[in-house]
Structures are given as structure tokens and as C-alpha cells.
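**Q** attaching a predicted model along with its sequence, questions to come.
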Amino acid sequence: MAATKGSSARNVLRRLGGMEKYQAALHLYKYQLGNSLICRYTIPADLARPEKDAELRQAFEEAVGRVVLKHPMLQVGVAGKETRKPVFVELQSLDMKRHVEWRTIDAAVDTEQGLMELMVKELDRPFVDLETVQPWRVLVLRAEASRELIAAFIWNHALLDGMSAKMFHSGVLLHLNFHSCTPLPLDKNGVLTLSSVRDRFPPPMEKMATYTVGKRFTTFELLSELRPAALSAKSATDASWAPIHAEMSVKTRLYSFGVGADALGRLLGRCRAGKTTVTGLLNALAAVCFARALPAEAAPGFKGVSVVNMRQVTPAGPPQCPWLVPDETMANVVSVQEHPFTPKIVGEIRAHHAAASSQESRYTAALEADVWAAAAAVRQQLVDKLAKGVNNDVVGLFKYVPDWRTYIRELSRKPRPSAWLVTNLGVLDGDPLERGGDDGWSITRTALALSAPVVNSAVEFCVSSTKGGDMVVVVDWHDAVVDAELVLGIVQDIRGWLEYLAAKE
């Protein structure tokens with residue numbers, strides 16, 4: 001393989017795959033920058049004492065170091081980011097002081113919204129020196145002498161997906177509770193020595209499995225995705241009310257809310273009864289609440305998007321890398337499923353909203369029926385997608401994109417394709433070995449927060465839960481694209497529906 005600018009042939013591992021190049025191009029143009037999974041850790045009582053601060057930091061950084069050594073994607077850089085064919089490169093070391101930052105915080109930051117305000121600055125910071133510095137970092141926040149710390153794993157999406165971030169925190173928690181006797185190759189200056197990962201570096205997702213596409217699917221998708229902006233037809237489900245401007249760069253706004261464990265349990269029961277999931281329910285509530293917030297003239301229809309973890313349909317041990325176990329591999333193994341809500345469907349929802357305006361409660365039987373019908377439809381679309389496995393998925397079309405930089409710039413000239421996106425990491429077990437209490441480490445809360453996209457969905461709903469604990473929804477949007485009052489109104493409407501459905505007998 002030819003060397004790319006910023007690399008030598010001997011340290012090049014491979015070219016970036018399609019999803020990786022797509023994410024790298026978004027970062028290059030500052031159309032989407034950071035992604036984070038934030039976890040609140042409970043510290044063992046003895047280690048939380050002020051005089052144990054240095055020991056605490058050492059324990060946490062050693063746990064991070066051991067996770068790094070297990071996962072090749074955490075050890076590499078990216079060269080040629082401005083070229084058509086960027087590559088992953090091997091790096092010989094990792095400076096822990098550069099990758100793990102400690103900050104002491106006050107009570108104002110140690111609140112849900114205070115944390116979100118801090119994270120905006122972190123998510124909108126581009127990663128630099130990608131050829132020589134691994135593009136991820138951990139921000140650790142702790143109030144003085146607190147029994148808790150907040151660790152935000154922040155990464156460049158060209159490396160990893162959200163499930164990888166979940167693996168990161170699960171791995172750190174494991175190593176905090178079980179100290180290895182094997183010495184860590186970490187010198188006194190905090191520099192971790194890395195060995196070659198060439199023999200175990202994961203391939204791009206389109207080479208983990210054979211993504212096949214039929215002629216009809218290929219023709220339709222290529223005409224839709226690769227057609228120049230000037231020739232693109234407008235759709236009634238486009239989010240034209242949130243226009244894209246090519247000169248924009250990321251300017252994120254975040255808002256988060258939680259659903260308590262008891263309420264979540266009741267919601268899950270109602271989802272099962274309605275033949276849907278939390279992802280289906282959130283897409284449905286988004287449709288109902290966007291329809292109430294936006295007039296038909298501006299938004300006759302909508303399109304939602306769900307992120308899909310493709311590890312579910314990626315077999316372990318493919319011939320070219322028999323050691324690969326997708327469920328244990330940090331990489332980008334992710335796709336999406338679109339959920340169109342036609343003008344007819346949205347018109348019926350708006351009619352039910354109008355009828356509800358004259359009643360005491362806006363949570364009418366007709367609107368609730370709309371919610372569950374839409375939620376079941378979304379869930380069925382996701383089931384159908386997974387039933388197809390790796391067939392007729394957009395990943396199979398990556399090979400037809402000659403230059404992802406051009407593709408991204410062309411996206412910026414088209415109407416925004418979707419109103420919202422739902423990404424759900426599911427449940428993280430924060431005390432898998434039941435080592436919590438005074439003697440062990442545990443994770444009590446998680447939050448997935450992303451930088452706002454310039455060219456994709458107008459609003460993103462990022463969902464994560466802790467086993468036995470709360471579900472947290474972090475909402476992001478671009479400050480210069482969508483009015484904050486509009487988004488916050490929609491969010492409060494969705495929260496109201498969740499509370500109503502959880503409380504309903």
C-alpha cells in the first residue's frame with residue numbers, strides 16, 4: 001500500500017473503510033466533531049479520601065491503559081485526513097497525560113444541565129495531530145473528596161461507534177475492580193508503550209461480512225444519494241424548515257432529562273404490550289410532538305432515523321480474520337434505518353391534536369393510538385432490517401462513492417433529509433460483579449452526548465441506561481439551525497408523554 005501524506009509505508013495498517021471515511025470527512029469539514037459517553041462512577045470509600053487522590057488517579061489511568069492495550073482502535077492515528085484515501089497508522093506510544101485530563105469541579109457543574117454545558121465545549125473541539133496522536137480522550141470530573149467521579153470518553157467517530165464507547169467504560173470498570181498482576185508498560189512520565197496491532201487490527205465493517213445489494217435497491221439508493229444537489233427532487237418528508245448552509249461548522253446545544261427506574265420499568269412493560277421498544281416509542285413520540293410544534297405548510301411530513309448496531313448480524317470469525325468477535329470489537333459496525341411519516345399520517349396526527357385542543361387533557365385516546373401505531377411500525381421496520389442481515393443495506397453501496405469529501409460537500413447543498421435521529425445504546429451493567437457498596441467501583445448513570453450534525457438530522461435523541469437505574473436522554477441540535485425554544489418545547493412535550501404513559505394504569 002502506498003504511503004499517504006503524514007505516514008510511512010511501514011506504519012500504514014489499512015485504508016479507512018466507507019463508514020470511517022464518511023465520519024472522517026464530517027470531522028474534516030467540522031460538520032460533526034466529538035462524540036461522548038459519560039459515566040458516573042462510585043469510588044470505593046477508602047480510595048475516596050483526600051489523601052488517596054494520587055492513588056485514585058493512578059488506579060483509574062491504569063484501568064484505561066489496560067483497555068487501550070486490549071483494543072487496537074484505541075492505539076492508532078489517522079494520516080491523510082485531507083486526501084481521498086486516508087489511512088490508519090500504527091503509533092508506538094500513547095501519552096496518558098494527554099489522553100486523560102482531570103478537573104476538580106464545583107456543585108454547579110455537578111448537575112445534569114451544568115454537565116451538559118461543560119460537554120458542549122468538549123464536543124465542539126476538533127481532534128488535532130491525528131497522524132501522531134490517537135483521536136480520543138477521557139475527561140474526568142470530580143468534586144473534592146466526593147465518592148463519585150464523572151468520566152467522559154470522547155472520541156472521533158472515524159475510529160469507533162457508540163457500542164465501542166460502551167465497551168470502553170465496561171472495560172475500565174472491570175479493571176478497576178480486578179487489578180491485574182501483569183505490569184503495565186507505562187513509564188514514570190505516563191507514556192504507555194504500544195506493541196504492533198497489525199495482526200489483530202479489525203477490518204472495515206464492509207469486509208467483516210459480505211454486504212450484498214440488489215439492482216433495484218442499488219439504483220434507487222444511488223439515484224437518491226449520489227444525485228447532484230441541483231438535480232435532487234424535494235420530498236415532503238425533508239426537513240426543509242431546518243436548512244443546511246455549507247459554510248456552517250458545528251455549534252452544539254445540549255439538553256438532557258432522565259426517566260427514573262420505576263417509570264422506565266412501566267414504560268418497558270407498555271412497550272412490550274404495544275409490540276414495540278423504547279426506540280420505537282421515542283420515534284413515535286417525536287412524530288407526534290414535531291407535528292404539534294410545526295405547521296403543515298413548513299413540514300407536511302417527517303422522516304426519522306434510527307441507528308442500528310450491525311454487530312447483531314455480523315458473524316464472528318470471518319475467513320480473513322478468524323479471531324474477530326464483533327460483540328467484543330471496538331470499531332464502526334453501525335448503519336441506519338429510516339422511518340418516513342407521510343403527509344397523510346402526519347395530517348391525521350395534526351387533526352387529532354386540533355381535536356384535543358378543546359378537551360381537558362391533550363393526551364387523548366386518538367393521539368395515544370397514533371403513538372402506539374407509529375411505535376409498532378418503527379419497531380417492525382427495524383425487525384425487517386435485521387431480518388435482511390447484511391443484504392440491501394446502504395453499507396453495501398460505499399464502494400460507489402469515489403470521494404467522501406465531495407459526497408459530504410454535496411450533502412451540504414441538499415435539503416436536510418430527516419427531522420430527528422434516535423440512537424439507543426441500551427443498558428450498561430454498572431455493577432456486573434456485584435462489587436459495589438463501600439468496597440468496589442460501580443457505574444450508576446450513563447449519558448450519550450454527541451456534537452450536533454450540520455448536514456444530517458435536525459435534532460438527535462441519544463439514549464442510554466444503567467441496569468437497575470435511570471434512562472437518560474440527551475438531546476442535541478445545531479444552535480444556528482434550529483430555534484432552541486422550538487426544540488425545548490418538543491422535548492418537554494415528549495417528556496410529558498413519557499410521564500403520562502408511565503403513570504397510566
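**A** That came in fine, so what should we check first?
**Q** alpha carbons only for contacts and neighbour counts from here, please
**A** Fine.
**Q** tell me the contacts of the residue minimising distance to the centre of the chain?
**A** By CA atoms, centre = their mean, the chain has its centre lying nearest to Gly162, at 4.5 Å. Counting by CA atoms under 8 Å, 6 or more residues apart in numbering, Gly162 touches Leu37, Leu425.
**Q** that one and Ile150, how far apart?
**A** 18 Å (CA to CA, to the nearest Å).
**Q** follow-up on the earlier one: give me the phi and psi angles of the residue nearest to the centre of the chain.
**A** phi -70, psi -40 (degrees, to the nearest 10).
**Q** report pLDDT for it.
**A** pLDDT for Gly162: 98.
**Q** and Ser7, by the same measure?
**A** 57.
**Q** okay, strands next: where are they in the stretch 1-150 of the chain?
**A** 12-15, 34-42, 76-79, 87-90, 93-95, 100-104, 136-142, 148-156 (DSSP state E, counting those that start in this stretch).
**Q** direction included, what does the second one pair up with?
**A** In the sheet containing strand 34-42, the strands it pairs with under DSSP bridges are strand 148-156 (antiparallel), strand 442-450 (antiparallel).
**Q** for Val482, find the nearest of those strands.
**A** strand 442-450 (16.0 Å; CA to CA).
**Q** contacting residues around that closest one?
**A** 34-43, 123, 173, 254, 428-431, 435-436, 462-466, 469-470, 472-476.
**Q** just the ones of those residues in helices?
**A** Within these, residues falling in helices by DSSP state H are Leu123, Leu173.
**Q** please convert the buried members of the contacts of strand 442-450 into ChimeraX selection syntax.
**A** In ChimeraX, this line selects whichever of the contacts of strand 442-450 come out buried by 16 or more other CA atoms under 10 Å:
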select :34,35,36,37,38,39,40,41,42,43,123,173,254,428,429,430,431,436,462,463,464,465,466,469,470,472,473,474,475,476
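**Q** hmm, back to that, how about the strands paired with strand 34-42 in CSV, adding mean pLDDT?
**A** Listed next are the strands paired with strand 34-42 as CSV, based on pLDDT from 0 to 100:
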stretch, mean pLDDT
strand 148-156, 98
strand 442-450, 97
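**Q** look up phi and psi at Trp261.
**A** Careful, residue 261 is Ala and not Trp. Dihedral angles (degrees, to the nearest 10) for Ala261: phi -60, psi -40.
**Q** would you agree it is in contact with Thr466?
**A** No - Ala261 is beyond contact range of Thr466, at 9.1 Å (criterion: CA atoms under 8 Å).
**Q** tell me the secondary structure of Asp493, please.
**A** helix (DSSP: H, G, I helix; E, B strand; the rest coil).
**Q** in this protein, which residue sits furthest out from the middle?
**A** Largest centroid distance in the chain under CA atoms, centre = their mean is Ser358 at 39.8 Å.
**Q** what about that residue, is that helix, strand or coil?
**A** coil.
**Q** distance of the closest residue to Glu460 other than its chain neighbours from Asn283?
**A** Leaving aside its sequence neighbours, Glu460 sits nearest to Leu421 (CA to CA, 6 or more residues apart in numbering; 4.7 Å). Applying CA to CA, the value for Leu421 to Asn283 is 8 Å.
**Q** cool, and Cys289?
**A** For Cys289, the distance to Asn283 - CA to CA - is 10 Å.
**Q** out of the two, which sits in the busier spot?
**A** Higher neighbour count among Cys289 and Asn283: Asn283, with 27 against 22, using other CA atoms under 10 Å.
**Q** so which strand or helix has that one?
**A** Here Asn283 sits within helix 278-293, counting by DSSP states H and E.
**Q** CA atoms of that helix as PDB?
**A** Written as PDB, here are the backbone C-alpha positions of helix 278-293 (Å, rounded to 0.1, in the frame of the first residue of the first chain):
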ATOM      1  CA  VAL A 278     -38.100   2.300  23.600                       C
ATOM      2  CA  THR A 279     -36.500   3.200  20.300                       C
ATOM      3  CA  GLY A 280     -39.800   2.700  18.500                       C
ATOM      4  CA  LEU A 281     -41.700   4.700  21.200                       C
ATOM      5  CA  LEU A 282     -39.300   7.700  21.000                       C
ATOM      6  CA  ASN A 283     -39.500   7.800  17.200                       C
ATOM      7  CA  ALA A 284     -43.300   7.800  17.500                       C
ATOM      8  CA  LEU A 285     -43.400  10.500  20.200                       C
ATOM      9  CA  ALA A 286     -41.100  12.600  18.100                       C
ATOM     10  CA  ALA A 287     -43.500  12.300  15.100                       C
ATOM     11  CA  VAL A 288     -46.500  13.300  17.300                       C
ATOM     12  CA  CYS A 289     -44.700  16.200  19.100                       C
ATOM     13  CA  PHE A 290     -43.000  17.600  15.900                       C
ATOM     14  CA  ALA A 291     -46.400  17.500  14.200                       C
ATOM     15  CA  ARG A 292     -47.800  19.600  17.100                       C
ATOM     16  CA  ALA A 293     -44.900  22.100  17.100                       C
END
